[in-house]
Structures are given as C-alpha cells and as structure tokens.
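Colleague: From the sequence below, what's the structure:
(one chain, ligands or ions: 1)
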Amino acid sequence: MSRAPAAATDVPFFDRARETAPLETLRGWQWERLAGGLGDLLASNAFWRARLHAAGVRDPRDLASWADFAKLPRLTKGELAADQAAAPPFGTNCTYPLDRYVRVFQTSGTTGPPIRWLETDASWTWWARCWATVFRAAGLGPGDRLFFPFSFGLFVGFWAGLEGARVIGAMAVPGGGQDSPTRLHAIRELGATALVCTPSYGLHLAEVGGAQGLDPAALGVRTTVHAGEPGAGIPAVRARLEALWGARAYDHAGMTEVGAYGFECVAQAGLHVNELEFVAEVLDPDSGLPVEPGEIGELTLTNLGRWGAPVLRYRSGDRVRLATTPCSCGRTFARLEGGILGRVDDMLVVRGVNVFPSALEGIVRRFPVIGEFQIEVFRRGVLDEVRLLLEIDDGARPAGIVRDTLTGVAEAIRRDLGIRIEVSAVPARTLPRYELKARRVVRRQTPGG
Ligand SMILES: [Zn+2]
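Modeller: Numbers count the residues shown, from 1 in each chain. Down below sits the predicted model:
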C-alpha cells in the first residue's frame, strides 16, 4: 500500500482554513477560548474554582500568559477519582446545574475504578465535532457507511463516533448487541465502507471471518479507524489490519476524561492533536516541565470546548514524542511521531530494562502465524520476569513452524529491545479476545499459575 504523502489538493480536511492556520493564530484562538471558559469555571464549578484559587487564579485576568498557564497544577486521574468518591455519584466537576447535562458515561475501568462523566448538549456536540475531524482526515464523508462493532453501554467509547458520522454526512451503522459473525454479516449486507473499532477487535473480527471461510478483504470495507489502544500506530499491527481488511487503517486517540483529541491525516506520519479543541503539552512526567524538542514525555491535555466538565492540564499517561517538522498535509497542529508510544503506567521493568507492551506487540505482529498473545509478569526472587505466550497457527504447515517462530520472536526481542524473554507457545484460540481495550498483560504468582 502506498505511503506517499498526498498532494495538498487531495488532503481531506474538516475545516481547512482553521486546521492550517499559522501557529500564532492558532495559539490566539486557544487563548480566547481558554479565557472565556475560565470565567464560567471560577463562577460555578466547585472543583475548578478550588483548584484555581489554590493556584492563585481568582479572576480570568490572573492568568495573563501561556507562562502563567504552565504554572497551573497538572490534574491526575486519582484526583478525579477522589473527588467522585467524596461527592458521589458525579463529583464536583460540574459547571452547571445537573439538569443542564444530557449524557452520562463512565471510563472503562482498565486503570482504576470507573470515573463518571457528564456531557451538556454543547459538549456532546463538541464530541461529535472532534470525531468529525478524525473521520474527515481519514477521507470519510457523505456516501460512506461506518460500522461500529461496539457494545453501546456506559463506556463512551464509540458513542461519540456515531455522532461524528452524522456531522460528516455519513451513515452510521450501530453494531451493538451482536456477536462477531452477525457483525460480519451486517457489514456485508448493509454495505459498510468503514470499520471503527479497537485494533484488537479489528484483528479478531477478521480472524472470525477467516474461520468461517469469509475473506474480510472482500467485504467492501476500504477504511478502518482504530482507537482505544496504540495498535494502529504500531507499524506491524497496522500492516496486518490493512492486509486482512484490504483497507487503509487509521489511528485515533481519545479518552473519556479528555475527549477525542488525536487523529491521523492521509500522510499517516503520526497522530495530530486537534489543537482547535485541545491544548497539548509534552512534559517530563516527574518534573512537569516541557521536554526538549523530539524527546519522549507525557502528553498533557486541556479542553477548550467542554466547559460543562472540562479538564485542564490533564495527565493522559500517554508517552509521546512531538515531531519537530511540519506535516506534509499542511496542518499546523502538533504531530506525535509514532502515535502513542506507550502508557506511563504500562511500563514493565525486565532486569532493569524498561519495556512497553506495545513494543512487544510491534514484534509479535511481524509474524503472521501468531494469532493472539499474552504477556505474563511474575516474580522470580526479587525481580519481575516476563514470559510471552504465543498462539501459533501450525495447521497444514510443515513441522518446525512453532519452534522457528519461537526462536524468531525471541531473537527479534533480543535484537530490537536488548532483553531476553522466555517465549512459549500455547494452543491456538486459547487466549482471550477483546472487543474493547485488550488486557494482554497478566500478573501471576508463578509462570502459568
Ligand atoms: Zn498531517
């Protein structure tokens, strides 16, 4: 599949003039919206009023410059959880009376207790607009039919994506309450041109199709958009998704606490941050100071269009690296090279070497005979040890494929990551599959225990 940057005239934008605005203009717009929202927070949001007062901001004018902004304390997920525990069920991050809110969601609970989030009519419209930016950048628009294989429940996940499809004039096909074979059937019968799901589920759905003698690449899907995990930004995962679906795979990033902030353009040179709707900072996780250009830091985000329950300087936990050169698409938005490189809290330490599960996945997915995989972490003495479990499809293949694959993976890990990890085969289709965020790192007392 071609990776040549698109000619400027071919680049799809949601709002070309604003997405390519000079940086100073963009910063000016951000500042205007920030200053406008601060007034509401100071007037009637108990959570933010207390935090801003503690930081010496009692009036929007107390925040006079971006340098002042950078002195505001960063917000952690733990602080949000503590606020909701102290003031259930919604906490105190509410700018308006509760009857102004039209949606409630909660986080998926992968990293701690679920946090609830309220949306006003305006902020729900904002969510839809953010997703519209994601879809348009991937070339989707009127005439497209977007299939969402997602259990539409309390987790915001792809709910807002469904709304975003409406904004770009595409047809949204909800795929909730269905098993995978039914979803494949719906994709074919209803003529879906795009699939919107986690990378793990995109792989799983293709696998189910294959097991039923159905070629996913023949279903008519030409674009896939993936969120919830770094997968689509990992070259080997993207290559596999594209090969299985015969489609171009786009990465997207968002979270309940922040919104749908990251998207890929047709140049697919990393994730853009939608800086019309978010302020993005890449900071040293410990000091909170900006990292040097091109260095890895933690993405810290501020909402500009969600004043009913916003976050300012929220620590996303995502490790990213800001590109230092402009994107060929013409957008002036920040660009995160390689997408989300890993989660700060996902890092494993294997004999003193930092290893991110996404780095292991980047190696595993280079081997087409490997189906699912799992990363077992267990204690051996005082150290964490890691074992990689691989499902290897040895059906109708020459003997030795299992042994060769195990050797190949172990070699690649040693060569690329500089560590030795025990690698074992498990029978095909014995590891869990995931509709949402995969939980492939498993902590055990003993290997296999
Ligand atoms: Zn771009």
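Colleague: pretty sure Leu336 contacts Ala323?
Modeller: Yes - the criterion here is CB atoms under 8 Å, and Leu336 meets it with Ala323 at 7.1 Å. For every residue, glycine as well, the C-beta is placed using N, CA and C.
Colleague: list residues touching both of these two?
Modeller: Gly270 (CB atoms under 8 Å, 6 or more residues apart in numbering).
Colleague: In the stretch 51-200 of the chain, which residue sits nearest the ion?
Modeller: Taking CB to the ion as the measure, the stretch 51-200 of the chain has Ala137 as its residue closest to the ion, at 7.7 Å.
Colleague: Now do the contacts for that residue.
Modeller: With CB under 8 Å, 6+ apart, Ala137 has these contacts: 12-14, 250, 263-266, 272.
Colleague: likewise Ala160?
Modeller: Counting by CB under 8 Å, 6+ apart, Ala160 has contacts 124, 127-128, 130-131, 254, 259-260.
Colleague: make it 10 Å
Modeller: Residues near Ala160 by CB atoms under 10 Å, 6 or more residues apart in numbering: 103, 105, 119, 124, 126-132, 134, 254, 256, 259-260.
Colleague: ditto for Gln374
Modeller: Gln374 sits in contact with 387-391, 424, 426, 430-432, 438-442, where contact means CB under 10 Å, 6+ apart.
Colleague: now swap in Leu390 and tell me
Modeller: Leu390 touches 364, 367, 369-374, 402, 405-406, 409, 423-426, 431, counting by CB under 10 Å, 6+ apart.
Colleague: Kindly report the same for Phe14.
Modeller: Neighbours of Phe14 in contact, by CB under 10 Å, 6+ apart: 129-137, 141, 164, 167-168, 263, 274, 276.
Colleague: Widest-spaced pair of those?
Modeller: Gly141 and Leu276 (18.9 Å; CB to CB).
Colleague: Who has more neighbours out of the two?
Modeller: Leu276 (20 against 14; other CB atoms under 10 Å).
Colleague: wouldn't the more buried one be in contact with Glu32 here?
Modeller: No - using CB atoms under 10 Å, Leu276 is not in contact with Glu32, being 11.6 Å away.
Colleague: Quick check: neighbours shared by the two?
Modeller: Joint contacts of Leu276 and Glu32 (CB under 10 Å, 6+ apart) are Leu304.
Colleague: what about the nearest residue to Ile296 once chain neighbours are set aside, which SS state?
Modeller: Taking CB to CB, 6 or more residues apart in numbering, and ignoring the residues beside it in sequence, Ile296 has Arg321 as its nearest neighbour in space, at 4.9 Å. Judged by DSSP: H, G, I helix; E, B strand; the rest coil, the three-state class of Arg321 is strand.
Colleague: What about Arg321, how many residues nearby?
Modeller: Neighbour number of Arg321 under other CB under 10 Å is 20.
Colleague: quick one: contacts for it?
Modeller: Counted by CB under 10 Å, 6+ apart, Arg321 has contacts 270, 282, 291, 293-297, 299, 335-339, 341.
Colleague: In strands, which of the residues you listed fall?
Modeller: 282, 296-297, 299, 335-336 (DSSP state E).
Colleague: And the residue nearest the centre of the chain, which helix or strand is it part of?
Modeller: The centroid of the chain falls nearest to Ala253 when counting by CA atoms, centre = their mean (3.0 Å). Element membership for Ala253, per DSSP states H and E: strand 248-255.
Colleague: Pull up the pairing partners for that strand, direction included.
Modeller: strand 223-226 (parallel), strand 259-263 (antiparallel) (DSSP bridges).
Colleague: Please work out how many residues are found near the residue of the stretch 151-300 of the chain at minimum distance from the ion.
Modeller: Nearest residue of the stretch 151-300 of the chain to the ion (CB to the ion) works out as Cys265 at 3.3 Å. Cys265: 27 surrounding residues under other CB under 10 Å.
Colleague: Moving C-terminal from the particular helix or strand that has Leu388 in it, which element do we reach first?
Modeller: Secondary structure assigned from DSSP H and E places Leu388 in strand 383-392. Per DSSP H and E, the first helix or strand lying C-terminal to strand 383-392 is helix 401-417.
Colleague: what sits up against that next one?
Modeller: Outside helix 401-417, the residues that reach it (CB under 10 Å, 6+ apart) are 350, 353-356, 359-360, 362-364, 366-370, 373, 386, 388, 390, 392-395, 397-398, 400, 419-425.
Colleague: Pull out the buried residues from those residues.
Modeller: 350, 355-356, 359-360, 362-364, 366-367, 369-370, 373, 386, 388, 390, 392-394, 419, 421, 423, 425 (16 or more other CB atoms under 10 Å).
Colleague: and those, which of them are in helices?
Modeller: In this view, the buried ones among the contacts of helix 401-417 that belong to helices under DSSP state H are 359-360, 362-364.
Colleague: Among these, show me the least confident.
Modeller: Across these, the smallest pLDDT goes to Ala359, namely 85.
Colleague: so how far is Pro142 from the nearest residue to that residue once chain neighbours are set aside?
Modeller: Nearest non-adjacent residue to Ala359, counting by CB to CB, 6+ apart: Leu417, 6.0 Å away. Leu417 sits 45 Å away from Pro142, going by CB to CB, to the nearest Å.
Colleague: With that, I have no additional questions.
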